[in-house]
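Chemist: I need the structure of the sequence given here:
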Amino acid sequence: MPEISLTGMLVVAAVAFVVPLGLGLLPALRLPSVVLEILAGIAIGPAVLGIAGVDLPLEVLALIGLSFLLFLAGLEIDLGRLRGGRLRSAATGFALSLTLALGVAFALRAGGLIEAPLFVAIMLSATALGIVVPVLADAGKVGTPLGQQVIAAASIADFAAVILLSLFFSGEAESLGITLLLLGGFILLVISIWFALTEARRSNRLQSALRRLQDSSAQIRIRGAFLLLVGFAALAQFLGLEVILGAFIAGAVLRLLDRDEAMTHPLFRAKLEAVGFGVFIPFFFVTSGMELDLRSLFGDGLAALAPVPVFLAALLLVRGLPAALYRTTAGARGTLAAGLLQATSLPFLVAAADIGVELGELRPETGAALVLAGLLSVLLFPLAALTLLRAGERIG
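Modeler: Below you'll find the predicted structure:
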């Protein structure tokens with residue numbers, strides 16, 4: 001067995017523990033844990049203190065963390081919300097976002113800030129569904145028409161962005177036609193697996209066994225969910241598509257399969273989040289911070305930071321402006337809050353920046369600037385949206 005150092009894993013595990021604990025001890029510091037995890041990764045990484053570098057164990061754990069993050073994002077997709085007028089508004093809003101993103105991206109290329117406008121346009125069109133939902137929950141708005149519309153729009157944006165990234169920038173496919181063929185084959189396989197699993201769910205004997213084993217040391221439902229995640233991710237990788245597509249689809253499929261109307265396993269989702277956010281996902285965010293090439297970003301001094309506010313403004317324009325579609329039902333204050341929430345983006349930016357640098361679509365400094373813009377969006381936009389929503393409640 002090759003000798004593998006666990007030092008880097010220890011350092012990252014310590015950071016993953018200390019960051020949320022510190023936030024818990026300082027409740028007045030209302031920052032998302034993910035932001036501090038990335039910043040802490042930057043601090044301990046080669047770009048600043050050089051305490052630890054990204055080695056093989058960290059690469060593996062970060063990949064699992066990224067997959068789990070997209071898996072849980074897919075699990076958030078509620079197809080019951082995506083229907084009727086809400087679906088039309090969300091789809092129209094994303095189409096408008098993508099159009100704006102393409103225009104902004106080509107303008108950025110003309111200004112010499114980026115080199116791959118389509119790739120950056122896809123990055124700008126996503127919304128951080130996993131961050132938006134907790135913010136709406138804190139404001140008591142999840143069940144309101146505005147909350148449901150924002151969640152539907154974020155769901156469409158996340159799903160479409162993952163699909164578009166895999167369609168146009170898969171790592172191994174040689175042409176768009178081949179990628180379309182592979183994507184079509186992947187979707188057919190997913191549908192076949194979903195039908196097979198749906199039929200299996202009807203077996204009383206199987207359901208009895210699952211209930212008997214779900215809270216034992218077997219934790220059979222968690223093992224099954226992890227098998228689904230790894231299986232779909234491996235299938236996407238085998239077909240030359242992005243792993244994040246397989247992980248995201250696995251979560252969406254599990255959402256369709258696991259309705260549990262009888263509440264026979266109410267702790268299942270909580271256990272999945274415990275495994276994801278408690279173990280694997282922090283490794284992805286901290287490691288992403290460690291890998292950010294800040295040296296190239298700061299290579300020309302503070303002037304090199306100029307793209308960061310430009311990218312932040314691009315996020316606000318691309319995802320925020322389409323919220324104007326909700327003005328007739330949400331009012332001016334609700335529309336502004338919805339625009340700010342839709343412009344909040346980080347997890348997809350981090351994942352896509354890593355893929356873009358690896359594929360040569362992004363310069364390292366551009367990827368770092370886009371991630372920093374995403375960090376600022378998470379710091380600023382949800383807080384501003386909450387302020388608007390709470391002010392609206394006081395006025396009302």
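Chemist: tell me which other helices or strands the helix or strand harbouring residue 71 touches.
Modeler: Here residue 71 sits within helix 56-75, counting by DSSP states H and E. Where contact means 3 or more CB pairs under 8 Å, 6 or more residues apart in numbering; DSSP states H and E, helix 56-75 is packed against helix 7-25, helix 129-138, helix 220-238, helix 243-257, helix 268-275, helix 281-291, helix 347-359. Glycine gets a C-beta too; all of them are placed from N, C-alpha and C.
Chemist: repeat that with 6 Å
Modeler: Counting contacts by 3 or more CB pairs under 6 Å, 6 or more residues apart in numbering; DSSP states H and E, helix 56-75 packs against helix 243-257, helix 281-291.
Chemist: please state the offset of whichever helix or strand comes after it from the chain centre?
Modeler: The first helix or strand that comes after helix 56-75 along the chain, using DSSP H and E, is helix 84-110. Relative to its chain's centre, helix 84-110 lies at 18 Å (CA atoms, centre = their mean, to the nearest Å).
Chemist: and helix 84-110, what's buried?
Modeler: By neighbour count with 16 or more other CB atoms under 10 Å, helix 84-110 contains the buried residues 86-87, 89-90, 93-94, 96-98, 100-102, 104-105, 108.
Chemist: what's the most distant pair in those?
Modeler: 86 and 108 (31.7 Å; CB to CB).
Chemist: kindly list the longest helix within this protein.
Modeler: If each helix of the chain is counted by residues according to DSSP state H, the longest one is helix 364-395.
Chemist: which residue, other than its chain neighbours, is closest to residue 391?
Modeler: In space, not counting the residues next to it along the chain, residue 391 is nearest to residue 333; the distance is 7.1 Å by CB to CB, 6 or more residues apart in numbering.
Chemist: from residue 17, how far out is the residue found closest to residue 61 once you drop the neighbours it is linked to in the chain?
Modeler: Leaving aside its chain neighbours, residue 61 sits nearest to residue 283 (4.1 Å; criterion: CB to CB, 6+ apart). Noted for residue 283: a distance of 12 Å to residue 17, by CB to CB, to the nearest Å.
Chemist: likewise residue 266?
Modeler: Residue 266 is 27 Å from residue 17, where distance means CB to CB.
Chemist: ok, residue 73 next?
Modeler: 24 Å.
Chemist: what do you get for residue 115?
Modeler: From residue 115 to residue 17 the distance is 39 Å (CB to CB).
Chemist: avg pLDDT for stretch 89-100?
Modeler: Mean pLDDT, stretch 89-100: 90.
Chemist: I misspoke; the intended subject was stretch 214-227.
Modeler: Here the average pLDDT along stretch 214-227 is 92.
Chemist: so how far is that stretch off the chain centroid?
Modeler: 24 Å.
Chemist: just stretch 360-370 next, same as before
Modeler: Stretch 360-370 sits 18 Å away from the centroid of its parent chain (CA atoms, centre = their mean).
Chemist: contacts for it next, please.
Modeler: Around stretch 360-370, the neighbours that count as contacts under CB atoms under 6 Å, 6 or more residues apart in numbering are 114, 116, 119, 292-293, 296-297, 307-308, 311, 349, 353, 356-357.
Chemist: got the buried residues for that stretch?
Modeler: For stretch 360-370, a neighbour-count test (16+ other CB under 10 Å) marks 361-370 as buried.
Chemist: of those, which is the nearest to residue 322?
Modeler: Using CB to CB, residue 370 comes nearest to residue 322 of these, at 20.1 Å.
Chemist: ok, now how distant is that closest one from residue 94?
Modeler: Applying CB to CB, the value for residue 370 to residue 94 is 19 Å.
Chemist: could you report the distance from residue 378 to residue 188?
Modeler: Look at residue 378 and residue 188: by CB to CB, they are 37 Å apart.
Chemist: again, but for residue 57
Modeler: Applying CB to CB, the value for residue 57 to residue 188 is 36 Å.
Chemist: more neighbours, the two?
Modeler: residue 57 (16 against 10; other CB atoms under 10 Å).
Chemist: backbone dihedrals for residue 126, please?
Modeler: phi -90, psi 160 (degrees, to the nearest 10).
Chemist: which residues touch it?
Modeler: Shown in contact with residue 126 (CB under 6 Å, 6+ apart): 157-158, 161, 345, 348.
Chemist: going by neighbour count, list what's buried in the longest helix of the chain.
Modeler: The neighbour-count check on helix 364-395 (16+ other CB under 10 Å) flags 364-378, 381-382, 384-386, 388-389, 392 as buried.
Chemist: returning to that earlier point: residue 283 and residue 17: who's more crowded?
Modeler: residue 283 (27 against 11).
Chemist: so the more buried one sits right up against residue 65, yeah?
Modeler: Yes: the criterion here is CB atoms under 6 Å, and residue 283 meets it with residue 65 at 4.5 Å.
Chemist: residues contacting stretch 101-114, please?
Modeler: Contacts to stretch 101-114, defined as CB under 6 Å, 6+ apart, come from residues 117, 120-121, 124-125, 307, 314, 318, 366.
Chemist: show me where this protein dips below the pLDDT cut-off.
Modeler: Residues of the chain meeting the criterion pLDDT under 70: 1-2, 78-85, 134, 137-139, 142-143, 170-176, 261-262, 294-304, 392-396.
Chemist: I'd like the distance between the residue lying closest to residue 29 once chain neighbours are set aside and residue 35.
Modeler: Counting by CB to CB, 6+ apart, residue 29 lies nearest to residue 23, which is 6.2 Å off, once chain neighbours are set aside. Distance, residue 23 to residue 35, by CB to CB: 10 Å.
Chemist: more crowded one of these two?
Modeler: Per other CB under 10 Å, whichever of residue 23 and residue 35 has more neighbours is residue 35, with 21 against 16.
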